[in-house]
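Enquirer: quick one, what's the 3D model for this:
(3 chains)
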Amino acid sequence: MRWVAGADVATSRFSTWAWAGVVVLRYPDLQVVEEQYGSAELTFPYIPGLLAFREIPLLLDLFARLRHRPDLLLVDGQGVAHPRGLGLASHLGLLLEIPTIGCAKSRLCGYHATPGRKRGSSVSLRETGRTAGRAIGYVLRTKNGVRPVYVSVGHRISLRSAVRWTLACCRGYRLPEPTRQAHLLVNRLRRDAEGSPRCRIRAIG
DNA sequence: GCGACAG
DNA sequence: ATCTTGTCGC
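Expert: Have a look, this model is predicted:
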């Protein structure tokens, strides 16, 4: 394992504009070695279960410019823990042919117990419906006392490895570094473009 | 019909 | 996702 990437998209509250970013970090020190980013108009609305159609176009453009070839990609969204078994992380991994992990901040589907409150504690996320009971992911506590994250297989990785790598990429924060850095990047871009909310009010008033 | 619902 | 300042807790 050498290059671990993270991807995220930030949206505007005023328009359909969005800022996307992909960061590549060196493992295991997790320092950012490359960033690719850009903004564009979103052409698809946010519909639970169809997030990939909204974010993938932007992210694919960024990966096309990437100088490093990631060994692993962590995505801010679900992998197979999806109603159709094909969340953003899985869809993206499939198109890029890169191993991916779905690392979402909240649940899309499935049910689960409450994991222990210590870092590393986890419980399985189980499918509902006819095939109820099958594990489709893990609800993992990445830091003591904070809300857990939803880890699921994205593409070309086992659930066990997905959980291990997610934990191995955490550095004291709730979100693993790849995803966290990507998140910081896109929000920085959005703020630079729109200005802070307070500034905006002062400009009007 | 009703409630749930990644970002 | 985005809004939004200070504040309670480890």
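
Enquirer: contacts, neighbours, all on C-alpha from now
Expert: Will do.

Enquirer: what is the end-to-end distance of stretch A:163-180?
Expert: Stretch A:163-180 has its terminal residues 16 Å apart, counting by C-alpha to C-alpha, to the nearest Å.

Enquirer: so for that stretch, what gets flagged as buried?
Expert: A:163, A:165-167, A:169-170, A:174-180 (16 or more other C-alpha atoms under 10 Å).

Enquirer: can you list the residues of chain A near DNA strand B?
Expert: A:8-10, A:46-52, A:76-79, A:82, A:86-89, A:104-109 (C-alpha under 7 Å from any atom of the strand).

Enquirer: surely A:L30 is in contact with A:R180?
Expert: No. Using C-alpha atoms under 8 Å as the test, A:L30 is too far from A:R180 to be in contact (11.3 Å).

Enquirer: circling back to that earlier point, in CSV: the buried residues of stretch A:163-180, plus secondary structure.
Expert: Output for these, formatted as CSV (DSSP: H, G, I helix; E, B strand; the rest coil):
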residue, secondary structure
A:V163, helix
A:W165, helix
A:T166, helix
A:L167, helix
A:C169, coil
A:C170, coil
A:R174, coil
A:L175, coil
A:P176, coil
A:E177, helix
A:P178, helix
A:T179, helix
A:R180, helix
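
Enquirer: how about A:R156: what's its closest non-neighbour residue?
Expert: A:P99 (4.9 Å; C-alpha to C-alpha, 6 or more residues apart in numbering).

Enquirer: against A:R171, how distant is that neighbour?
Expert: 21 Å.

Enquirer: helix, strand or coil for the residue of chain A at minimum distance from DNA strand C?
Expert: Closest contact between chain A and DNA strand C, by C-alpha to the nearest atom of the strand, is at A:A10 (3.8 Å). Following three-state DSSP, we place A:A10 in the strand state.

Enquirer: next, count neighbours for it.
Expert: Neighbour count of A:A10, defined by other C-alpha atoms under 10 Å: 22.

Enquirer: run the chain-centre distance for the helix or strand where A:R191 lies.
Expert: For A:R191, the element it lies in under DSSP states H and E is helix A:177-194. Relative to its chain's centre, helix A:177-194 lies at 13 Å (C-alpha atoms, centre = their mean, to the nearest Å).

Enquirer: and that helix, what does it pack onto?
Expert: strand A:3-11, strand A:17-26, strand A:72-75 (3 or more C-alpha pairs under 8 Å, 6 or more residues apart in numbering; DSSP states H and E).

Enquirer: now the ones you listed in JSON lines, with distance to A:P148 and mean pLDDT?
Expert: Converted to JSON lines, those look like this (distance: least, C-alpha to C-alpha, whole Å; pLDDT from 0 to 100):
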{"stretch": "strand A:3-11", "distance to A:P148": "18", "mean pLDDT": "98"}
{"stretch": "strand A:17-26", "distance to A:P148": "23", "mean pLDDT": "98"}
{"stretch": "strand A:72-75", "distance to A:P148": "16", "mean pLDDT": "98"}
